[in-house]
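**Q** Here's my sequence, what's the structure:
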Amino acid sequence: MAVDALDARILRLLIEQPRTSVREYARILGVARGTLQARLDRLERDGVITGSGPTLSPAALGHPVLAFVHVEVTQGHLDDVGDALAQVPEIIEAFSITGGGDLLTRVAARDNAHLEDVIQLLIRLPGVVRTRTEVALRERVPYRVLPLVESVGRTAAGPRAEGTGAARRTS
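**A** Numbers count the residues shown, from 1 in each chain. Model (predicted):
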């Protein structure tokens, strides 16, 4: 799905002002409300926009310890282990990966003892061969997509939009 410069502007507004109304977004962008709604519907349908709920902090929910647990799985059991991981509430993300392991999980825990309990639970899952854990010390770059949106927007706008002599097109 191609994201054009207007889509990038819409996405930026959604990130920066998530509680604004569609009418206000349209006013800010200088487009018709129907145009904006059609764009939002397409961005959702195409999977660019994947949610609209609040972003929650595991630390504020009493789980300040963040760890990345690599899980090595017996061949042929990746789906089974993935399904089992989905049942562990402390696992907030899991990905199939290449490299040193088969799955990479992001685990939130109350403290180190709780993290150890979660790891022990993972080790006992059928199909899990071993785990390797890395504890995060400090977040250096929080989850973000705005720089990517801006990059896509610049690419979509092309060279005419760069610089001060850019021609404005109305549609």
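
**Q** is it true that residue 88 lies in a strand?
**A** No. Counting by DSSP: H, G, I helix; E, B strand; the rest coil, residue 88 falls outside a strand, being coil.

**Q** ok, it - how many residues close by?
**A** Using other C-beta atoms under 10 Å, residue 88 has 15 neighbouring residues. Using the backbone N, CA and C atoms, a C-beta is placed for each residue, glycine as well.

**Q** which residues sit in contact with it?
**A** 118, 121-122 (C-beta atoms under 8 Å, 6 or more residues apart in numbering).

**Q** helix, strand or coil for the residue positioned nearest the centre of the chain?
**A** The centre of the chain sits closest to residue 143, judged by C-alpha atoms, centre = their mean, with a distance of 6.9 Å. Assigned with three-state DSSP, residue 143 falls in the coil class.

**Q** Rebuild the contacts of residue 88 as a markdown table, extending it with distance to residue 63 and neighbour count.
**A** Listed next are the contacts of residue 88 as a markdown table, based on distance: C-beta to C-beta, whole Å; neighbours: other C-beta atoms under 10 Å:
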| residue | distance to residue 63 | neighbour count |
| --- | --- | --- |
| 118 | 10 | 23 |
| 121 | 15 | 15 |
| 122 | 16 | 23 |
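
**Q** So which of these is the closest to residue 71?
**A** Distance to residue 71 across the contacts of residue 88 (C-beta to C-beta) is lowest for residue 122, with 6.3 Å.

**Q** what's the closest non-adjacent residue to the closest one?
**A** residue 131 (5.5 Å; C-beta to C-beta, 6 or more residues apart in numbering).

**Q** Sheet-wise, list the partners of whatever helix or strand that neighbour lives in with their directions.
**A** Using DSSP states H and E, residue 131 sits in strand 128-135. Partners of strand 128-135 in the sheet, by DSSP bridges, are strand 65-73 (antiparallel).

**Q** Give the buried residues for the strand it pairs with.
**A** 65-67, 69-71, 73 (16 or more other C-beta atoms under 10 Å).

**Q** can you give me the strands in this structure?
**A** For the chain, applying DSSP state E gives strands covering 65-73, 91-96, 103-109, 128-135.

**Q** Nearest to residue 58, out of those strands?
**A** Checked against C-beta to C-beta, the stretch from the strands of the chain lying closest is strand 103-109, at 3.7 Å.

**Q** average pLDDT for the closest one?
**A** If you average the pLDDT over strand 103-109, you get 98.

**Q** before we move on, back to that, in space, what's closest to the residue nearest to the centre of the chain - neighbours in sequence excluded?
**A** residue 55 (7.9 Å).
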